[in-house]
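Enquirer: here is my input; please provide its structure:
(one chain, ligands or ions: 1)
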Amino acid sequence: MKGGLPAARVRLEKEDMPNPKRRHSVSRKGMRRAHDHLAPVQVGECPRCGSPKRPHRVCLNCGYYRGRDVLRFEASGGANEGA
Ligand SMILES: [Zn+2]
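Expert: Have a look, this model is predicted:
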């Protein structure tokens, strides 16, 4: 084995790449895309103020997360006095 591969073998042209043998039918495309949808947004409840909030995120109403205040609100809002 002397010398490298011939230049034609080394260079992978696009037509040498693996390609599907047949096109997929409209039905198959639909079956594949049956799972291509966005999941509905999960909504939980803030344990402190009870307003709806997304899980594992700071409550935007009172700034509470995992036992402490995370957000500081401007005085004009006054939302930090949540129940
Ligand atoms: Zn809250």
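
Enquirer: the residue lying closest to residue 58 once chain neighbours are set aside pairs with what?
Expert: Nearest non-adjacent residue to residue 58, counting by Cβ to Cβ, 6 or more residues apart in numbering: residue 65, 4.3 Å away. Backbone N, C-alpha and C define where each C-beta goes, glycine included. Here residue 65 sits in beta bridges with residue 68, going by DSSP bridges.

Enquirer: and for residue 65, the neighbour number?
Expert: 17 (other Cβ atoms under 10 Å).

Enquirer: same thing with residue 64?
Expert: For residue 64, using other Cβ under 10 Å, the count is 21.

Enquirer: how about it, what does it touch?
Expert: 46-49, 58, 70, 82 (Cβ atoms under 8 Å, 6 or more residues apart in numbering).

Enquirer: test my guess that the residue nearest to residue 58 contacts residue 57.
Expert: Yes: taking contacts as Cβ atoms under 8 Å, residue 65 lies within contact range of residue 57: 7.5 Å.

Enquirer: what average pLDDT does the top helix by length along the chain get?
Expert: If you go by DSSP state H, the chain has its longest helix at helix 26-33. Across helix 26-33, pLDDT averages out at 97.

Enquirer: try stretch 66-82
Expert: Per-residue scores along stretch 66-82 average to 73.
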